[in-house]
Each structure stands twice: as C-alpha cells, then as structure tokens.
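Enquirer: predicted coordinates and the sequence they were generated for:
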Amino acid sequence: MATITKKDLIDRIAEKTGQKRVVVKSTVQEFLDEVIVELGKGNRLEFRDFGVFEIRKREARLAQNPKTLEPVPVPAKNVVKFKVGRRMQSSVDDEVETDTASNGKPKIVTNIKPGTKSKA
C-alpha cells in the first residue's frame, strides 16, 4: 500500500484537467483551509458518497498510567470524527468469500453488493 501525498494528488488533478499545477495547488489548499475553518466553527461537513466530517466532544475521564498504575485525569476535548460514505466504502471494501471448489481457500471478491453472491 502506497502513501499518496497532497503533491501527488495535485499533480494528478493538474494532469487530468489540463490546468496549471499552481492553480490546482491553490484550489486544493483553499478547499482544505475551508474544511479546517468550518470544523473549527463546529460545523458538520457532508460530502455525498465521500463521507461526513463532524466534531464530537470527548468527555473528561480518568485513565491509568501503565507504569505506576496511578489514575490520571484526562481533560475533555473536541475530536474530528469521519464517517465513510457509501461510494468510498464500496471502493475500499474487499469481501472474502470461501471458494468451495478450491478446498475452502479464501477467495478475494471485490465490490460485492450486500445480499448478492459472486460468480465463483
């Protein structure tokens, strides 16, 4: 599995759209800045089929220092939660099915809709 950077995405978008890399870089950065600003305001960001970003408040709690086993207070804080959208989930999912013809060895079948069987 490779790591794709913002630069890699900018290069791909510039190539596909025929726009200058500088313009694409500015647009992508502005988009990311706006996401940060809106989350900072506590707003929920919903991108159909991609996913939803929202702020959740984590309550204060007592944790335990693993070395000394003493209780340690952990303050309340806000965290960003991301819920995956349908299209992203279906492109990420790999369903493992058992192929009986190959002595029960797992067979990877991609993009299977729930409730359907693959042609094995």
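Expert: Done, it's in. Everything numeric in this text was worked out from a predicted model, so none of it was measured. Residues are numbered from 1 along each chain as shown.
Enquirer: I'd say residue 17 and residue 28 touch.
Expert: No - checked against C-beta atoms under 8 Å, the pair residue 17 and residue 28 is beyond contact range at 11.6 Å. Just so you know, the C-beta spots here come from the backbone N, C-alpha and C atoms, and that holds for glycine as well.
Enquirer: these two: who's more crowded?
Expert: Higher neighbour count among residue 17 and residue 28: residue 28, with 16 against 11, using other C-beta atoms under 10 Å.
Enquirer: was I right about that one contacting residue 6?
Expert: Yes - assessed by C-beta under 8 Å, residue 28 is found in contact with residue 6 at 6.7 Å.
Enquirer: so where is the chain shaky, pLDDT-wise?
Expert: Scanning the chain with the threshold set as pLDDT under 70 gives 94-120.
Enquirer: how about the strands in it?
Expert: 45-47, 51-58, 61-64, 71-74, 77-84, 94-99, 105-110 (DSSP state E).
Enquirer: bridged to residue 77, which residues?
Expert: Counting by DSSP bridges, residue 77 is bridged to residue 58.
Enquirer: can you tell me how far it sits from residue 22?
Expert: Here the criterion is C-beta to C-beta, to the nearest Å. By it, residue 77 lies 37 Å from residue 22.
Enquirer: just residue 75 next, same as before
Expert: According to C-beta to C-beta, residue 75 and residue 22 sit 42 Å apart.
Enquirer: for residue 45, same thing?
Expert: Taking C-beta to C-beta, one finds residue 45 at 26 Å from residue 22.
Enquirer: more neighbours, these two?
Expert: Using other C-beta under 10 Å, the more surrounded residue of residue 45 and residue 22 is residue 45, with 16 against 10.
Enquirer: show the contacting residues for the more buried one.
Expert: Going by C-beta atoms under 8 Å, 6 or more residues apart in numbering, residue 45 touches 35, 38, 39, 52, 53, 54.
Enquirer: one more pass at 10 Å, please.
Expert: By C-beta atoms under 10 Å, 6 or more residues apart in numbering, the contact list for residue 45 reads 34, 35, 38, 39, 51, 52, 53, 54, 55, 80, 82.
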